[in-house]
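Enquirer: Fold the following.
(4 chains)
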2 protein chains.
Amino acid sequence: MAISIRDVAERAGVSVGTVSNVLNRPDRVSEAVVSRVHDAIRELGYVRNDAARQLRAGRSSSVGLVVLDARNPFFTDIARGAEDEAAEHGVAVLLGDSDEKPEREGAYLDLFEEQRVRGVLVSPLGDIRERLERLRAHGTPVVLVDRIAEDATLSSVSVDDVAGGRTAVAHLLAGGRRRVAFVSGPQTIRQVADRLVGAREAVAATPGASIEVLEGAALSVLEGRRLGEELVARPAAERPDAVFAANDLLAVGLLQALVMRGEVRVPDDVAIVGFDDIDFASATVVPLSSIRQPSRLIGQTALRILLEEAEDPELAPRQVVFQPELVVRESSGPLG
Amino acid sequence: MAISIRDVAERAGVSVGTVSNVLNRPDRVSEAVVSRVHDAIRELGYVRNDAARQLRAGRSSSVGLVVLDARNPFFTDIARGAEDEAAEHGVAVLLGDSDEKPEREGAYLDLFEEQRVRGVLVSPLGDIRERLERLRAHGTPVVLVDRIAEDATLSSVSVDDVAGGRTAVAHLLAGGRRRVAFVSGPQTIRQVADRLVGAREAVAATPGASIEVLEGAALSVLEGRRLGEELVARPAAERPDAVFAANDLLAVGLLQALVMRGEVRVPDDVAIVGFDDIDFASATVVPLSSIRQPSRLIGQTALRILLEEAEDPELAPRQVVFQPELVVRESSGPLG
DNA sequence: TCTCGTCTTTGAAACGATTCATGGTCTCTC
DNA sequence: GAGAGACCATGAATCGTTTCAAAGACGAGA
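Expert: As a prediction, this is how the structure comes out:
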């Protein structure tokens, strides 16, 4: 059924090795033969078998990327950046969505390892440092994305989440707010925890300011809406006057819940700042202030580092940390 | 460097074939040996080489999925549905984003073919029927997603775009609007063209109604904003009183452009209906009316059909067409 | 004791590509 | 006319797994 290089060789009247040469180093083959082989390929509809190729080569020409949530535009932007960079190097990106579930994260890492990928980009979920270091020890480079490698045994490309959290809350406080709520995803996600650390720092620096934490089960629009409804259900006096959301999806859900009821005005009653500055942030009911991350650049940079490490395994791990940037829109306007 | 099944066999004091049996049909191997082999695997940190496996098997255990735009939540939902279904069958999904570019679409198809995937799910861009039929003839099943296979030589899972377009515009007309604009993506994308056909039908059925077409270069938020700015720049009298956008991303961009200027009120001056009903639709400046598609179900169904065809290549192609559903929100409220 | 059947294990062949040492031609130079 | 060098093509070995015919071990029944 399947056409192999052998059939092509026979048809073109040359040896298998020659066909392979035509495909991979055409300069070593005479022109006449090159075109004869190409004809045969076309006539037979031959398609290279990548499995055989990889087997011989000992590794694939793909890299793996595991993200926390493929539906979050922030991660699709990272993926886009990685793909762009990968395309330039003739490498494909296999995308895995861990959906914030450790077992899915593990399954994708297993899969990538079996595929002998060139390397793995991970936006890690739980504590899988050990797993990743083992991977690296076995010769598969690993680069963390959107999270720093604390102990510097791995490379990472991330954003200063603590600074981001600090900036966000400092901005809210500067607008005159004092009772801040941090609408959070699972604290086990490091990025979330770091943003809270920054938020607390800003609060600590401002006399009279306080912060409470509302921990959601996921970083999603739905979860944001749920937490928003909790807030609306409170007596007005017990509501915060400012909310810092751990990411824009939560913030969007929050906005929906607050504004739809009509009971809470944004930003008059509650100011909101999100995180990520996804494309939709400027299109929401009340345009959303947010902390912008250079998502595409993160993906690009991570992939570049990954390929460099694949090239030279002796390279020392590097930590790249970008600084996030506050984008002010209506949702965090000054106290009315 | 790499540990192979051979090393495991040696360590466990058995033959290679036995190790393979332990991995694939443990019931044929005595318990004592099974555990001895598992110990060896653990001690050596053995990981199966998928390339060798595939080579022997003649095909991979993945399927390919090519979408028009991985940043569009509609397609990530389709992907999610496909992944869910795939996971149940122990199959992985390789995601390719054609980014509305025919050459990228082709590149992904080439890649998938070289990988000998079990099958391919495509949301096709240009006219690649021939290419896809060749693929299928070579033994790789193909299922079209989000687009019907006109000549029924391939299976497809889609939504009735004509009906969707008709419903959307009929709804706008029923609200008293008469001068409709279709804010479109490239007409070469079949879904876009079909939605316009439906829109025209609705207009034709209503005396006094007219429709104009604004063709954008892509189905993106950015492009929607650009077209929106074009509309705002017109003298008020020349603006349409209703807009049907080819998808929600365009609609969101449009909304941004119209509302931000403050010159055009939605829905008072212009009513808007989008298409896809993405999660964000209900969170926009003015909550967006839209035509809902069962995106996740589309992905699931497509993958199921694909696997069935992979199982039995003789199966006749099937066309599954879902009916879309109008979701009315504020953006298409009645004429003020 | 011999035969037959069951249960395990073995080892070699096969999948399809790439690589590389080998050998054959041809041309050029002295 | 011989030797050297450049240029091409060859084909066997190899990658790591799975499969399958065959062999070995063992027990039961005659």
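Enquirer: contacting residues for the closest residue to A:Val264 other than its chain neighbours?
Expert: In this structure, A:Val264 finds its nearest non-sequential neighbour in A:Leu258, 4.4 Å apart by CB to CB, 6 or more residues apart in numbering or on different chains. Placement of C-beta: from N, CA and C, glycine included. When contacts are counted by CB atoms under 8 Å, 6 or more residues apart in numbering or on different chains, A:Leu258 touches A:228, A:231-232, A:264, A:266, A:270.
Enquirer: restrict those to contacts with DNA strand C.
Expert: With CB under 7 Å from any atom of the strand as the criterion, the contacts of A:Leu258 include none near DNA strand C.
Enquirer: who wins for neighbours among those residues?
Expert: For those, the largest number of neighbours (other CB atoms under 10 Å in any protein chain shown) sits with A:Gly228, at 29 neighbours.
Enquirer: Helix or strand: which one has the residue nearest to A:Val264?
Expert: Counting by DSSP states H and E, the element that carries A:Leu258 is helix A:248-261.
Enquirer: and that helix, average pLDDT?
Expert: What helix A:248-261 shows for mean pLDDT is 89.
Enquirer: is any part of the next helix or strand after it close to chain B?
Expert: Where DSSP H and E defines the elements, the next helix or strand beyond helix A:248-261 is strand A:271-276. No. Strand A:271-276 is not in contact with chain B by CB under 8 Å from any CB of the partner chain; minimum separation 11.8 Å.
Enquirer: how far does the following helix or strand past strand A:271-276 sit from the chain's center?
Expert: Using DSSP H and E, the helix or strand that follows strand A:271-276 towards the C-terminus is strand A:289-292. With CA atoms, centre = their mean, to the nearest Å as the basis, strand A:289-292 stands 17 Å off its chain's centre.
Enquirer: does chain B sit close to strand A:289-292?
Expert: No. Applying CB under 8 Å from any CB, one finds strand A:289-292 separated from chain B by no less than 13.9 Å.
Enquirer: Convert that strand to CSV, retaining C-alpha atoms only.
Expert: In CSV, the C-alpha atoms belonging to strand A:289-292 read as follows (Å, rounded to 0.1, in the frame of the first residue of the first chain):
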residue,chain,number,x,y,z
SER,A,289,-7.4,48.1,33.0
SER,A,290,-4.8,45.4,33.0
ILE,A,291,-1.2,44.4,33.5
ARG,A,292,0.3,43.7,30.1
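Enquirer: Is the host helix or strand of A:Ser20 positioned near chain B?
Expert: Assigned by DSSP H and E, A:Ser20 falls within helix A:16-24. No. On the criterion CB under 8 Å from any CB, helix A:16-24 is out of touch with chain B, staying 11.7 Å away.
Enquirer: Determine how far the helix or strand just after that helix lies from the middle of the whole chain.
Expert: Using DSSP H and E, the helix or strand that follows helix A:16-24 in sequence is helix A:31-44. With CA atoms, centre = their mean as the basis, helix A:31-44 stands 43 Å off its chain's centre.
Enquirer: Over to stretch A:118-132?
Expert: Using CA atoms, centre = their mean, the offset of stretch A:118-132 from its chain centre is 12 Å.
Enquirer: repeat for stretch A:319-326
Expert: With CA atoms, centre = their mean, you get 14 Å for stretch A:319-326.
Enquirer: Could you list the buried residues of it?
Expert: A:320, A:324, A:326 (16 or more other CB atoms under 10 Å in any protein chain shown).
Enquirer: Please apply the same query to stretch A:197-216.
Expert: Those would be A:198-200, A:202-203, A:206, A:209, A:211, A:214, A:216, for stretch A:197-216 by 16+ other CB under 10 Å.
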